[in-house]
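A.B. asks: Pasting the sequence and the predicted model now:
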Amino acid sequence: MNRGDYTYIWQADDWPNWRYDLAALAAPMAEVSRAQGLLMGRLADVGMALRDQASLAALTEDVVKTSEIEGETLNVQSVRSSIARRLGVDIGALAPVDRHVEGVVDMVLDATANCHAAVSRERLFGWHAALFPTGYSGLSRINVGAWRDDASGPMQVVSGPIGRQRVHFEAPPAARLDAETRRFIDWLDAASTVPPLIKASLGHLWFVTLHPFDDGNGRIARAISDLLLARADGSEQRFYSLSAQIQRERKAYYDILQRTQRGSLDVTAWLAWFLDTLHRAVDQAQHTLDTVLLKTRFWQRWATTPLNARQVKLLNKLLDGLEAKLTSSKWAAIAKCSADTALRDINDLLERGVLQKSDAGGRSTSYVLGEGQE
């Protein structure tokens, strides 16, 4: 195994005395704050029901994407149903939810809705246990709700085939974790002159550097960021997803983490990347809000029109931005119905003006929302 010849930041004599150029970060912080202000100003004008829908969309994306970063795919409808039930948001019929989805939702909601509660070792252990309700990560039994013990060797982040694996990072030894995590937790809740957005970024980096659990460290690090961002916003409702933006920039995320952990305790570059990514996450939330508003106006317009469950499902797919063209065959596949039933559903919506045929050419006729509904 190729370990390379690296000194990691936790091995520095003055660890963890973080250094950064605050003057260089002033402009990115101001830009993020401005973007947050624009988003919150817009949300203030849309009413409580729409804010709840926007928060539901952001939290659903957060839960799904924080798992996707680690290569794990969760059922979006199950996640949305779990969050809606807990927030008391009416989304109609709820999808079935398994224990694993419930666990990730538990962690994300606890981090955000209870952001002002103190962080303790027991709270972090609870998050970890929620992520791994069976005590297994894949086929491997892990220590759940406890710090790792390194019984199988040092905690390393590796890639490549067995025998030619490359070590990207090695975490501090397990023997140091009690002292290291105690210092970290004390810092999280202590009064500080560190700007809140900087603290959210440092909290993420610090936790992922400690890597104190057998698995789930990335997801918990992002939950810590969410908690600190919620404190910074002064709001327990979330309207943007940092995890979703990190997933969109996953390679850059791992690259900057690796460079930072092999560098010095001057983490200005990491903080700049984090702030820029956060800015893009807030901007993306504007598009999410556009979608929420579009769906609300659409369903208000057609509230008195009798529609069957298949039609409601496919219209919601279109409103959520169905990536592929909606053809009759795709309708039948998604709705799990016959081709004849799909055509009847579509023709009914065409007659009402809910759908119209797309102007785009092609071998198969496709359909889009009717005029004035996009």
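C.D. replies: Received it, and whenever you're ready, just let me know what you need.
A.B. asks: Which parts of the chain belong to which domain?
C.D. replies: Following automatic domain parsing, one gets these domains for the chain: 9-294, 306-369.
A.B. asks: need the helix or strand of the chain with the lowest average pLDDT.
C.D. replies: strand 156-159 (a mean of 76; mean pLDDT, DSSP states H and E).
A.B. asks: Following element in sequence after that one, please.
C.D. replies: strand 166-170 (DSSP states H and E).
A.B. asks: Any buried residues in that next one, and which?
C.D. replies: By neighbour count with 16 or more other C-beta atoms under 10 Å, strand 166-170 contains the buried residues 167, 168, 169, 170. Placement of C-beta: from N, CA and C, glycine included.
A.B. asks: got it, and stretch 137-154?
C.D. replies: 137, 142, 143, 144, 145, 147, 148.
A.B. asks: what about this protein, any weak spots by pLDDT?
C.D. replies: By pLDDT under 70, the low-scoring segments of the chain are 1-5, 92-95, 159-165, 360-363, 372-374.
A.B. asks: which residue is nearest the middle of it?
C.D. replies: In the chain, the residue lying closest to the centroid (C-alpha atoms, centre = their mean) is residue 62, at 2.4 Å.
A.B. asks: Am I right that it sits in a helix?
C.D. replies: Yes. Looking at residue 62 with DSSP: H, G, I helix; E, B strand; the rest coil, it is inside a helix.
A.B. asks: How about the contacts made by the closest residue to it other than its chain neighbours?
C.D. replies: Excluding the flanking residues, the one nearest residue 62 by C-beta to C-beta, 6 or more residues apart in numbering is residue 241, at 4.1 Å. Contacts for residue 241 (C-beta atoms under 8 Å, 6 or more residues apart in numbering) come out as 58, 59, 61, 62, 65, 281, 284, 285.
A.B. asks: Is the third one in contact with residue 242, as I believe?
C.D. replies: No. Residue 61 lies out of contact with residue 242 (C-beta atoms under 8 Å); the separation is 10.3 Å.
A.B. asks: where do the contact lists of the two overlap?
C.D. replies: With the criterion set as C-beta under 8 Å, 6+ apart, the contacts of residue 61 and residue 242 do not overlap.
A.B. asks: picking up where we left off before, ok, the contacts of residue 241 vs residue 88, which is closest?
C.D. replies: residue 59 (13.1 Å; C-beta to C-beta).
A.B. asks: Tell me the spatial nearest neighbour of the closest one, not counting adjacent residues.
C.D. replies: residue 83 (5.1 Å).
A.B. asks: does the one you found count as helix, strand or coil?
C.D. replies: helix.
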